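**Student:** sequence first, predicted model second:
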Amino acid sequence: MEHCELPRRPTSRERIGKVLPRFLPFLGWWPRVNRRTVTADLWAGLTGAVIVLPQGVAFAAIAGLPPQYGLYAAMAPVIVAALFGSSWHLISGPTTAISLVVYANVSQLAPPGSADYIRLVLALTALCGLVQFGLGLARLGGVVNFVSHSVVTGFTAGAAILIATSQLGHFFGVTLPRGGSFLETWAAFLGQLPAINGTVALIAGATLALALLFRRLWPRSPALLLALIGGSLVCQLVDGAGHGARLVGALPASLPPLSLPEFDLDTFRVLFPGALAVAMLGLAEAVSIARAVAVRSEQAIDNSQEFIGQGLANLVGGFLSGYASSGSFTRTGVNFDAGAKTPLAAVFSALFLAAVVLLIAPATAYLPIPAMAGVIVLVAAGLVNGKAIRHILRTDRSEAGVLGATFLATLFVALEFAIYAGVMLSLLLYLRRTSHPHFITLAPNPDTARRSLANVRRKPLAECPQLKILRLDGSIFFGAVNHIAEELHRIVAASPEQCHILILGSGINFIDAGGCHMLFHEAGAMKLSGREIFFCSLKREVLELLERGGCLARIGAQNVFPDKESAIAGIVARLDPERCACCPTRVFAECATRPGGWAAGSGEKRAGGREASADGLATPGKPE
């Protein structure tokens, strides 16, 4: 007698081997590491360190922080995001848009650059990380989809203008009020045009021109770093310091110091709205960049794991003097193009940056702030995605409205509110679309072999005088029931002679209790007025709910058909024979079986040996 062999239970080590990668995702790609990948990652990491050096200093200036905090944000947070995220190529760290949102939120609470300001920024960073980490643990990766591409495009375009506006004083050597609105800053700048410092403007303009020149002649070179060196040389040649050009000053040659974000109820209450805005913007940036590079690397991205990686990175940043970070499009693209194979490239980038800071930090004493302004203006210009804006404007008016509203809100209202406004407007437009499903009127097309149903708006077709055929494109739920009922009433009033309605339900994805109640009421009202409503091609889930809600009994099981062919055949057989006998249209093939039937337009002889004339009326025919 043969015995069935029971399946072997996995050992404890095997179970741990399956569970651990969920908590330590770097164990999933670690087996891919070898001598070849390490070499490629080392070169990619060195390139990334060179790129992030001027960017980190510039982004810290945008955030209202001392320059070293931008470099600190590109060290420990980058390593954590690489080890605990899901992308092999995403490089995190300080970004332009995040820096601007941080500044907009905290500059109202403390003077930028002060000890209180730094303390609040670190608290906001840790709170932002906590939000992102919680969303990741809850597997809510899909929440980032509510921040649409139009919202991000509009926000970044507005942020680019705000960033450039914030550098007007440094670029032209005039004193402008800190923390002023967009319009106030421009008004103050225009009022000080006669006071522009030509030497300062020369240094800033020369740095900007050098950066553009390097990018054009040597696209793969560290253009921003070379431009900053060139701007520093120009400053020395024209004695910028003696003519009012301020210098950055020497950075501390040290690794990120430990910091302890201070939390209390008042701080939480004040910072949480801004932290939520930073968290959502950061997640939208990181996930969209990870997806974009994953298309090229053919890698699957786990949104929720990316949330966890970004959340842990910001939590660590809050305790290691790094302000809020996210995915960087520029550094991620450079990382991939430089040949990075694994997330070790990001780790090497952070380690190389730490070594550079320890070695050359004193050299920043000669870095002029106008040169930094020139670089920041160029970085801001790169945020405006003209191609994406043109595409949105051409393709969808609603999304163009979302883009425009987000752009204007970014310029003229609180910055974090701009993101919320864009998301809320996107949701309202989505709800409007789903709550206004369309009825499409259909009729048989005689030019096709099977007389397939076609949209009468696209092609003028004759309809059956007794039967109106509609296709409902949209679900029947509480938000749409009033619109659907009104549309049915309008259609019935516009075609009173068509006393029957057939609704093709292939586009109805679901129906709720409110929708079931509406159909129950409409079916009863139509029966009282001598009309019939029919359905076909309904999904199984929709049919089951109609049956549970008692709506199927009110409609009548005999009025529900599995497909449109059986529906037309069944309904035509139940039409008024007297009206069929004198019908001039006869649009269905089944009309041939009705009283006085003939194949429409074919010249076939009708019952009684008579043919149809051109106007559809019976005329005497020749005897057979």
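**Tutor:** Noted; the coordinates are in hand.
**Student:** which stretches of the chain form strands?
**Tutor:** 92-93, 326-327, 438-444, 453-455, 467-473, 500-504, 532-536, 560-561, 610-612, 618-620 (DSSP state E).
**Student:** right, and A573 touches C591 too?
**Tutor:** No. Using Cβ atoms under 8 Å, A573 makes no contact with C591, being 10.7 Å away. Any C-beta I mention is one placed from the backbone N, CA and C, and that applies to glycine too.
**Student:** looking at the two, which has the bigger crowd around it?
**Tutor:** Ranked by neighbour count (other Cβ atoms under 10 Å), A573 and C591 place C591 first, with 21 against 11.
**Student:** of the strands of the chain, flag the one that's most buried.
**Tutor:** Mean neighbour count, computed with mean count of other Cβ atoms under 10 Å, is highest for strand 92-93 among those, reaching a mean of 32.
**Student:** count of residues packed around F319?
**Tutor:** Around F319 there are 17 residues (other Cβ under 10 Å).
**Student:** ditto for C583
**Tutor:** There are 21 residues near C583, going by other Cβ under 10 Å.
**Student:** next up, the contacts around the closest residue to it other than its chain neighbours.
**Tutor:** When the adjacent residues along the chain are set aside, C583 lies closest to P465, with 6.2 Å between them (Cβ to Cβ, 6 or more residues apart in numbering). Shown in contact with P465 (Cβ atoms under 8 Å, 6 or more residues apart in numbering): E497, Q498, R579, C583, T585.
**Student:** closest to F534 out of those residues?
**Tutor:** Nearest to F534 among the contacts of P465 is Q498, at 12.3 Å by Cβ to Cβ.
**Student:** any idea how far V38 is from the closest one?
**Tutor:** Separation of Q498 from V38 (Cβ to Cβ, to the nearest Å): 74 Å.
**Student:** if you count what's nearby, which of these two comes out ahead?
**Tutor:** Each of Q498 and V38 has its neighbours counted (other Cβ under 10 Å); Q498 has more, 17 against 14.
**Student:** settle this for me: the more buried one is touching I469, isn't it.
**Tutor:** No. Distance between Q498 and I469: 9.4 Å, which falls outside the contact criterion (Cβ under 8 Å).
**Student:** quick one on the thing from earlier: let me have the contacts of P465 in CSV, extended by pLDDT and distance to A253.
**Tutor:** Shown next, in CSV, are these (pLDDT from 0 to 100; distance: Cβ to Cβ, whole Å):
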residue, pLDDT, distance to A253
E497, 86, 89
Q498, 87, 85
R579, 88, 95
C583, 87, 94
T585, 85, 90
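**Student:** make TSV out of the strands of the chain and add distance to G550 and mean pLDDT.
**Tutor:** What follows is the strands of the chain, written out as TSV (distance: least, Cβ to Cβ, whole Å; pLDDT from 0 to 100):
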stretch	distance to G550	mean pLDDT
strand 92-93	56	92
strand 326-327	52	91
strand 438-444	24	91
strand 453-455	30	91
strand 467-473	21	93
strand 500-504	19	93
strand 532-536	15	93
strand 560-561	14	94
strand 610-612	46	37
strand 618-620	46	35
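**Student:** A123 is nearest to which of those strands?
**Tutor:** strand 326-327 (17.9 Å).
**Student:** distance check, the closest residue to A60 other than its chain neighbours against G56.
**Tutor:** Spatial nearest neighbour of A60, chain neighbours left out: G70 (3.0 Å); criterion: Cβ to Cβ, 6+ apart. Distance, G70 to G56, using Cβ to Cβ: 4 Å.
**Student:** the two: who's more crowded?
**Tutor:** For G70 and G56, the more surrounded residue by other Cβ under 10 Å is G70, and the numbers stand at 27 against 24.
**Student:** give me every residue that touches that one.
**Tutor:** Per Cβ under 8 Å, 6+ apart, neighbours of G70: Q55, G56, V57, A58, F59, A60, A61, A63, P94, S99, Y323.
**Student:** swap the cut-off to 7 Å and go again
**Tutor:** For G70, the contacting residues are G56, V57, F59, A60, P94, by Cβ atoms under 7 Å, 6 or more residues apart in numbering.
**Student:** measure it to A345 for me?
**Tutor:** G70 sits 20 Å away from A345, going by Cβ to Cβ.
**Student:** and R269, by the same measure?
**Tutor:** In terms of Cβ to Cβ, R269 sits 40 Å off from A345.
**Student:** more neighbours, the two?
**Tutor:** More crowded of R269 and A345, by other Cβ under 10 Å: A345, with 28 against 9.
**Student:** lowest-pLDDT helix or strand in this structure?
**Tutor:** Least confident element among the helices and strands of the chain, by mean pLDDT, DSSP states H and E: strand 618-620 (a mean of 35).
**Student:** number of nearby residues for the closest residue to A346 other than its chain neighbours?
**Tutor:** Nearest residue to A346, sequence neighbours excluded (Cβ to Cβ, 6+ apart): A82, at 3.6 Å. Neighbours of A82 under the rule other Cβ under 10 Å: 26.
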